[in-house]
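Engineer: Next comes the sequence, and after it the predicted model I'd like to discuss.
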Amino acid sequence: MDIYQALKKDHDEIKSLLDELVTIREDDDFRFILIEQIRDLLIPHARAEESVFYNSLRAVNADRKVVYHGFQEHMEAEALLRSLQVMDKMNFSWKATAEKLRNALLHHIEDEETEIFAEARAAFTKDEAESMCDAFEQLKPKVLEEGFMKNTADMIINMMPPRLADKIRSIGENRP
Ligand SMILES: [Fe+2]
Ligand SMILES: [Fe+2]
């Protein structure tokens, strides 16, 4: 399997959970489970995608605008997901936010599978695309284990220029 197939597989799973979320009734308790499933798929996917795929694209000087646009859309989607989780706990109406999240992610996935994949296919060899897939799959369960705070820090570090990102990462690792 290569990185494109691995990313697409996650995208398809996320899309079908989002479809389910926007079609259930507003008072259906199954929403708690669906929102959690979306979070547990989306956050590890996004962090591993940034670390392995986006950062490799930046390393080979792919079009910066395309990659930064992707980072930005991750932040927007995650902000929507967080407000959805809060609303859900406080029993506010959550349907409109769920629809916004679905639309934002459908748009983001479409951008990734067209523009970003095209950029990557021009930049990476077949072997590189396969090794990226292994790295991506290995990183995802780690993100899930590490929890939310570390995750936000990683999102920010992933957006730094690579040589600064490595510095910041090593500071974090040496902390007692
Ligand atoms: Fe993705
Ligand atoms: Fe993404």
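Structural biologist: Cool, the structure landed. Nothing here was measured: the structure is a model prediction, and the numbers come from that model. Numbers count the residues shown, from 1 in each chain. Ligands and ions are numbered 1, 2, ... in the order given.
Engineer: hey, let's count contacts and neighbours off CA atoms from now on
Structural biologist: Noted.
Engineer: what residues are up against the residue nearest the centre of the chain?
Structural biologist: In the chain, the C-alpha nearest the mean C-alpha coordinate belongs to Ala46, at 1.7 Å (CA atoms, centre = their mean). For Ala46, the contact set (CA atoms under 8 Å, 6 or more residues apart in numbering) comprises His74.
Engineer: pLDDT at it, what is it?
Structural biologist: If you check Ala46, the pLDDT there is 96.
Engineer: If you count neighbours, what's buried in the helix or strand hosting it?
Structural biologist: For Ala46, the enclosing helix or strand under DSSP states H and E is helix 30-48. For helix 30-48, the neighbour count (16 or more other CA atoms under 10 Å) marks 31, 35, 38-48 as buried.
Engineer: what do you get for stretch 106-116?
Structural biologist: Neighbour counts over stretch 106-116 (16+ other CA under 10 Å) mark 106, 108-109, 111-112, 116 as buried.
Engineer: hmm, back to that, need the max-distance pair from the buried residues of helix 30-48.
Structural biologist: Arg31 and Ala48 (25.6 Å; CA to CA).
Engineer: Report the distance from the helix ranked longest in the chain to the chain centre.
Structural biologist: The helix that spans the most residues within the chain, counting by DSSP state H, is helix 64-90. Its chain's C-alpha centre and that of helix 64-90 lie 9 Å apart, by CA atoms, centre = their mean, to the nearest Å.
Engineer: now that helix against helix 30-48, angle please.
Structural biologist: Calculated by axes from the mean of the first three to the mean of the last three CA atoms, to 10 degrees, helix 64-90 forms an angle of 150 degrees with helix 30-48.
Engineer: ok, then the element right after helix 64-90?
Structural biologist: Counting by DSSP H and E, the next helix or strand C-terminal to helix 64-90 is helix 95-111.
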